[in-house]
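A.B. asks: have a look at this prediction, sequence included:
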Amino acid sequence: AQSVTQLGSHVSVSEGALVLLRCNYSSSVPPYLFWYVQYPNQGLQLLLKYTTGATLVKGINGFEAEFKKSETSFHLTKPSAHMSDAAEYFCAVSEHLGSSNTGKLIFGQGTTLQVKP
Amino acid sequence: KAGVTQTPRYLIKTRGQQVTLSCSPISGHRSVSWYQQTPGQGLQFLFEYFSETQRNKGNFPGRFSGRQFSNSRSEMNVSTLELGDSALYLCASSFGGGNTGELFFGEGSRLTVL
């Protein structure tokens, strides 16, 4: 069974500082991994995804993440935080049964990013 | 291209009542999934429908049910509401058919049970 752990429920950075949100996963098969962002009173918006191929994936709003199989990690980074990045971020893995996806995402508990001026 | 549309956005019910939430997926998407989001439990998978068939189900009681219509629109129903059912209910759509798992979410229906 797949699972996701996000380290740190709250992360606070200063505007212009590096953003690092940590995500570790557990999966017995090659995972499909995602980062979503949720702004207050809104649904989830896909930031980026890793399926196969290049392990460094770039997403929207300057975010990127690197898939590291040896560390079972998929940490999200952004070189310089903006005030508009304040939101909740969710890491997710796509559930596999055998060789196919089930259409279900397994989410981490989320990390709230605070950006201080 | 219109996104995933959920109605109603907000609703208040009392214990024992039932509620029906609606979701219109992105045009061309055949899979619709439902998630419950609460501060304590986070995002929990309810069920997924593909081509009018329930393909996957989470660990929720039978009071939670859903269906999908031939145009891929979906509804979920919660009967005999409990206080703990207060949550944001998110619908997500995708092309389905064993894809990479990327989901497109609606803005959710926020249910408050009094």
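C.D. replies: Good, I have the coordinates. Numbering: from 1, shown residues only, chains lettered A, B, ... in the order given.
A.B. asks: I'd like to know how far B:Asn77 sits from chain A.
C.D. replies: 20 Å (CB to the nearest CB, to the nearest Å). From N, CA and C alone the C-beta is placed, and that goes for glycine too.
A.B. asks: from chain A, which residue is nearest to chain B?
C.D. replies: Relative to chain B, the nearest point of chain A is A:Ser94 (2.9 Å; CB to the nearest CB).
A.B. asks: secondary structure element for that residue?
C.D. replies: Following DSSP states H and E, one finds A:Ser94 within strand A:87-97.
A.B. asks: spell out which residues of chain B are next to chain A.
C.D. replies: Residues of chain B lying close to chain A by CB under 8 Å from any CB of the partner chain are B:4, B:6, B:31, B:33, B:42-43, B:45, B:48, B:50, B:55-56, B:58, B:90, B:92, B:94, B:96, B:98-108, B:110.
A.B. asks: give me that answer again for 7 Å
C.D. replies: B:31, B:33, B:42-43, B:45, B:48, B:50, B:55-56, B:90, B:94, B:96, B:98-103, B:105-108 (CB under 7 Å from any CB of the partner chain).
A.B. asks: pull out the buried residues from the residues you listed.
C.D. replies: B:31, B:33, B:43, B:45, B:48, B:50, B:55-56, B:90, B:94, B:96, B:99, B:101-103, B:105-108 (16 or more other CB atoms under 10 Å in any protein chain shown).
A.B. asks: hey, where'd the strands end up in chain B?
C.D. replies: For chain B, the strands defined by DSSP state E occupy B:5-7, B:10-13, B:19-24, B:31-38, B:42-50, B:53-57, B:64-68, B:74-78, B:87-94, B:104-105, B:109-113.
A.B. asks: and the fifth one, average pLDDT?
C.D. replies: The one in question is strand B:42-50. For strand B:42-50, mean pLDDT is 93.
A.B. asks: for that strand, which strands pair with it and how are they oriented?
C.D. replies: strand B:31-38 (antiparallel), strand B:53-57 (antiparallel) (DSSP bridges).
A.B. asks: was I right about A:Phe34 contacting A:Tyr89?
C.D. replies: No: A:Phe34 lies out of contact with A:Tyr89 (CB atoms under 7 Å); the separation is 10.9 Å.
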